[in-house]
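Colleague: model the structure of this input:
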Amino acid sequence: MSRLFLIFSAVNGFLSVAFGAFAAHSLKTKVSANYLDTFNTASEYQMVHALVLLVVSILVLKFPSVSLTVSAWAFSLGLILFPGSLYVLVLLDLPVLGAVTPLGGIAFLVGWASLLVFGFKQRK
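Modeller: Here you go, the predicted structure:
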């Protein structure tokens, strides 16, 4: 399972860089400043959470636990829903997808909370 999360982390890190470059070089002349900010926010959140998922996938190898597994799945779901909905919202001009974005945010919060639970359960 950890291998799957590691691969998903790498894919998301790659996509974050690619989408960030796309925004900087191609998108800025095609969408409003507000949409460009939205796209950049998606790219930033994708990179941060791709890195967090990388760390969690490594932790799962050393400390297999339910809370880490929940954290990894939650971060993975968040990486699909949060930046994914924002990218599609901007590229297809579909503001209705803004309703999906908070679900990704909730998934990220679950991931962080599960990581916190793991931390509290560790021995000193």
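
Colleague: any idea which element Val52 lies in?
Modeller: Secondary structure assigned from DSSP states H and E places Val52 in helix 33-62.

Colleague: low-confidence ranges in this protein?
Modeller: For the chain, the stretches flagged by pLDDT under 70 are 124.

Colleague: state the distance from the residue positioned nearest the centre of it to Val31.
Modeller: Most central in the chain under Cα atoms, centre = their mean is Leu79, positioned 3.0 Å from the mean C-alpha point. Distance of Leu79 to Val31, given as Cβ to Cβ, to the nearest Å: 22 Å. In short, each C-beta sits where N, CA and C put it, glycine included.

Colleague: and Met47, by the same measure?
Modeller: For Met47, the distance to Val31 - Cβ to Cβ - is 20 Å.

Colleague: the helices in this protein, which residues?
Modeller: Secondary structure of the chain by DSSP state H: the helices cover 2-22, 33-62, 66-92, 101-121.
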